[in-house]
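*Asks:* Dropping a prediction and its sequence here:
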Amino acid sequence: MNDLELIFNMLGERATTEIARAKDAIGFKENKDAALKGGNIAGDARKKLEVETKKKVISSDNYINEAEKEKRKRLKNK
């Protein structure tokens, strides 16, 4: 996962949490609905970024295993 994938993942999770809290979701069905809405928010944001940059966000990178120095070097060269 690269940094953008992590960011969009966190956006989806946080949006889901906020929606569930706002609707006082209880039980599987209500929380599933909140999760779908939260995922759609993150998915829409990802797609908009891809349109603007003309680059895919999804990659086969593994962000955690790469040394911080190498990540910065790679990002600087882009």
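*Replies:* That came through, no problem.
*Asks:* Check which residues of the helix or strand containing residue 6 are buried.
*Replies:* Residue 6 is part of helix 3-22, with elements assigned from DSSP states H and E. By neighbour count with 16 or more other Cβ atoms under 10 Å, helix 3-22 contains the buried residues 4, 7-8, 11-12, 15-16, 19-20. Every residue, glycine included, has its C-beta placed from N, CA and C.
*Asks:* Among those, which one lies nearest to residue 52?
*Replies:* When those are compared for distance to residue 52 (Cβ to Cβ), residue 4 comes out closest, at 12.5 Å.
*Asks:* circling back to that earlier point, contact partners of the helix holding residue 6?
*Replies:* Applying Cβ atoms under 8 Å, 6 or more residues apart in numbering, the contact partners of helix 3-22 are 1, 25, 30-31, 34-35, 37-39, 41-43, 45-46, 49, 57-59, 61, 63, 71, 75.
*Asks:* Off-centre distance for the helix or strand just after that helix?
*Replies:* The helix or strand immediately downstream of helix 3-22 is helix 28-53, counting by DSSP H and E. In terms of Cα atoms, centre = their mean, to the nearest Å, the centre of helix 28-53 is found 8 Å from the chain centre.
*Asks:* quick revisit: what subset of the contacts of helix 3-22 is buried?
*Replies:* With burial judged by 16+ other Cβ under 10 Å, the buried subset of the contacts of helix 3-22 is 1, 25, 34-35, 37-39, 41-42, 45-46, 57.
*Asks:* Which of those sits closest to residue 67?
*Replies:* Checking the buried ones among the contacts of helix 3-22 against residue 67 with Cβ to Cβ, the nearest one is residue 1 at 15.4 Å.
*Asks:* residues of the worst-scoring helix or strand of the chain on mean pLDDT that come out buried?
*Replies:* In the chain, the helix or strand scored least confidently by mean pLDDT, DSSP states H and E is helix 68-77, which has a mean of 76. For helix 68-77, the buried set under the neighbour-count rule, 16+ other Cβ under 10 Å, is empty.
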